[in-house]
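Visitor: fold the following, please.
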Amino acid sequence: MTFDDIRHIALTWPEVEDGSSYGTPALKVRNKMLVRLKEDGDSLVMPGVPPDERDMLVEHQPKVFYFTDHYRDYPTVLIRLTKAKRAAVEALAAPALAHAGIEEGGPGHRRDRLVVTQDEFLTAALRNPANQAVADELYRLALPDAWLVAGCLVQTVWNVLTRRPLDYGISDHDIFYFDPDTSWEAEDAVIRELKARLGHLGVAIEVRNHRVHLWYPEKHGLPYPALSRSTDGIDRFLTENTQIGIRRTTRGYNVYAPHGFDDVAGMIVRPNRTTNFSTVNYATKAARWKTLWPEITVIAAE
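Guide: Numbering: from 1, shown residues only. Sure thing, here's the model as predicted:
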């Protein structure tokens, strides 16, 4: 991207106009700086990004996001435009506008197709501090084949798209892992360990080993063959749009998303018709989501 690209995007936002700041081109709202081009001619100075969120962006995409000592104590992130993608910049538009005193739409105002690529999905999903903290803790704990999955990721992105609080409507954070010890006692020990490590977040944590096949048929009256890996469980989720998992690695993140991200970007809920699919459960879940996020489109199961 270039600063001209930023101009074309930002000048469509309310009350944004050209200006200058510290001798460099800038965009302003009511004479207050929205963004400016840094003196190096490549970096965008974007205020309105809290330090904790900025640190997550820098950790996840250090080639794109960074900050200098000058900005360390300020809610500001620097963006290398030659490395940045449009969606990554747009994702920070709402806090930047709010910092400048303008809201770019309120809750329920949707920006179509903001998130499409894997990197853009991760950037949005990891804006939720709880998602970042859970992924970090799973990495430190080295739980075998452990993934943060499903709604907590997708619904965070929905909240980014619709300008809602990042944790709005998220009932829990689901973790799948794959340990050969399928005993209840072993799983319970992992549950207690993770709750002790993550209790400070104040969010519900749901942890499941690959022992689902031992209780699912009796509870739901539907077949559920044994899994061979954690991603097999993701393949059997009730909806295609939530068939997503992430896990931190030494080099960044692995992402499992067999259907990609278009349904997430389009806020489309689509049934995943596997052998364990339940029309009733799908309708119940979709109805709850539709109440919380009226912008979604629900594809009928039949």
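
Visitor: next up, the contacts around Ala300.
Guide: Pro271 (C-beta atoms under 8 Å, 6 or more residues apart in numbering). Quick note: C-beta positions are derived from backbone N, CA and C, even for glycine.

Visitor: using the three-state scheme, assign it.
Guide: Of the three states, Ala300 takes coil under DSSP: H, G, I helix; E, B strand; the rest coil.

Visitor: so how far is Leu292 from it?
Guide: 19 Å (C-beta to C-beta, to the nearest Å).

Visitor: repeat that for Glu218.
Guide: Using C-beta to C-beta, Glu218 is found at 30 Å from Leu292.

Visitor: between these two, who's got more neighbours?
Guide: Leu292 (16 against 8; other C-beta atoms under 10 Å).

Visitor: leaving out chain neighbours, which residue sits closest to the more buried one?
Guide: Distances taken as C-beta to C-beta, 6 or more residues apart in numbering put Gly169 closest to Leu292, at 4.0 Å, once the chain neighbours are dropped.

Visitor: Asn281 is in contact with Leu238, isn't it?
Guide: Yes: in this structure, Asn281 is within contact of Leu238 by C-beta atoms under 8 Å, at 6.0 Å.

Visitor: so for those two, which residue has more residues nearby?
Guide: Remark: of Asn281 and Leu238, Leu238 carries more neighbours, 21 against 14, as counted by other C-beta under 10 Å.

Visitor: need the contact list for that one.
Guide: Neighbour list for Leu238: Pro271, Asn272, Phe277, Ser278, Asn281, Tyr282, Lys285 [criterion: C-beta under 8 Å, 6+ apart].

Visitor: what about the strands in this protein?
Guide: 16-21, 24-29, 32-37, 43-47, 65-66, 76-80, 147-149, 173-176, 205-208, 245-249, 252-256, 268-269, 297-298 (DSSP state E).

Visitor: next, the angle strand 43-47 makes with the second one.
Guide: Using axes from the mean of the first three to the mean of the last three C-alpha atoms, to 10 degrees, the direction of strand 24-29 lies 30 degrees away from that of strand 43-47.

Visitor: then the first one?
Guide: Going by the same axes, to 10 degrees, strand 16-21 is angled at 110 degrees with respect to strand 43-47.

Visitor: and strand 16-21, what's buried?
Guide: Applying a neighbour-count criterion of 16 or more other C-beta atoms under 10 Å, one finds Val16, Ser21 buried in strand 16-21.

Visitor: I'd assumed Ala125 was in contact with Leu153.
Guide: Yes: the pair Leu153 / Ala125 is scored as a contact, 4.5 Å apart, by C-beta under 8 Å.

Visitor: what's the overlap in contacts for those two?
Guide: By C-beta under 8 Å, 6+ apart, the residues touching both Leu153 and Ala125 are Asn131, Ile246.

Visitor: related to what we said a few turns ago, now, the contacts of Leu238 that are in helices?
Guide: Using DSSP state H, Asn281, Tyr282, Lys285 are the members of these that sit in helices.

Visitor: if I pick Gly151, what's in contact with it?
Guide: Neighbouring residues of Gly151 by C-beta under 8 Å, 6+ apart: Ile170, Ser171, Asp172, Asp174, Thr242.

Visitor: check contacts around the fourth one.
Guide: So that's Asp174. Asp174 is in contact with Leu148, Val149, Ala150, Gly151, Cys152, Glu206, Arg208, counting by C-beta under 8 Å, 6+ apart.

Visitor: same question for stretch 190-205, mean pLDDT?
Guide: In this model, stretch 190-205 has a mean pLDDT of 95.

Visitor: for it, which positions count as buried?
Guide: Using 16+ other C-beta under 10 Å as the test for burial, stretch 190-205 gives Val190, Ile191, Leu194, Arg197, Leu198, Val203, Ile205.

Visitor: ok, now stretch 262-277?
Guide: In stretch 262-277, counting by 16+ other C-beta under 10 Å, buried: Asp263, Val264, Ala265, Gly266, Met267, Val269, Arg270, Pro271, Asn272, Asn276, Phe277.

Visitor: got it, and stretch 38-45?
Guide: The neighbour-count check on stretch 38-45 (16+ other C-beta under 10 Å) flags Lys38, Asp42, Ser43, Leu44, Val45 as buried.
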